[in-house]
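Peer 1: Predicted model and sequence below, questions to follow.
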Amino acid sequence: MHINSHFAVGVIISSILHHFYNFNLLEFILIVISSFICDFDVFFSKYAFKHNHRMLISHSIIPSILIMIIGLIINWHAFFFSGFVYFIHIVIDTFDWGTNFFYFQKKQVGLKLLISREEFENIEAYLNKYKKSESFFDAKYYKSKICISIEFILFMLMLVSVILFALKFILIVIIYFPFLYFHLQRHYYLKKLESK
């Protein structure tokens with residue numbers, strides 16, 4: 001799932017929790033950031049197995065569990081829920097391409113709904129069909145009506161939840177659009193590149 005959708009999930013969960021815990025701005029933002037922060041591990045892909053950022057420890061459940069434990073120890077609800085939304089991110093990532101869920105087994109696990117078993121087992125051959133390897137993943141994602149529908153539904157749920165439960169934080173939804181722009185711009189760039 002794209003970072004804008006993880007952001008939307010973070011806003012949805014933060015907004016609903018705000019109704020019960022009355023977070024301040026810092027706490028609300030902390031929870032939202034925790035819902036997508038692990039995707040910035042893409043900048044460390046060169047250190048990952050097969051340069052796949054989802055094989056890094058940051059894309060396992062270990063950081064989320066540590067954050068939740070610390071949140072319980074220091075009795076800070078916002079910190080605990082930051083770990084919880086981080087955990088949700090990792091779970092969601094098991095649905096599209098899979099992730100190194102437990103880390104130590106060094107294996108990408110999950111339903112991997114956007115990639116067939118044959119494609120997964122022979123990924124290098126499929127990536128070599130493209131000028132840029134990321135075009136394979138981009139094309140699969142944007143050809144999926146389910147992925148596009150989920151993105152739209154999450155966007156709508158984000159708006160509804162923040163309006164109903166956390167109206168004073170409504171301006172945070174503006175951050176959704178640069179993330180969306182990044183992915184759309186990248187999609188059209190890759191599509192144009194592959195069509196040449």
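Peer 2: Received it, and whenever you're ready, just let me know what you need.
Peer 1: how near is Gly98 to Glu124?
Peer 2: 16 Å (Cβ to Cβ, to the nearest Å). Quick note: C-beta positions are derived from backbone N, CA and C, even for glycine.
Peer 1: Compare neighbour counts for the two and give me the winner.
Peer 2: Regarding Gly98 and Glu124, a neighbour count based on other Cβ atoms under 10 Å identifies Gly98 as having more, with 22 against 8.
Peer 1: Nearest spatial neighbour of the more buried one, chain-adjacent residues omitted?
Peer 2: The shortest distance from Gly98 to any non-neighbouring residue, by Cβ to Cβ, 6 or more residues apart in numbering, is to Gly110 (3.6 Å).
Peer 1: and what of Phe87?
Peer 2: Nearest to Phe87 is Ser64, by Cβ to Cβ, 6+ apart, at 3.7 Å.
Peer 1: tell me the contacts of Leu26?
Peer 2: Ala78 (Cβ atoms under 8 Å, 6 or more residues apart in numbering).
Peer 1: before we move on, what about Ile90?
Peer 2: Cys38, His59, Ser60, Ile61, Ser64, Thr99, Phe101.
Peer 1: go again using 6 Å as the cut-off
Peer 2: Going by Cβ atoms under 6 Å, 6 or more residues apart in numbering, Ile90 touches Ile61, Thr99.
Peer 1: That one is in what secondary structure piece?
Peer 2: Per DSSP states H and E, Ile90 falls inside helix 77-96.
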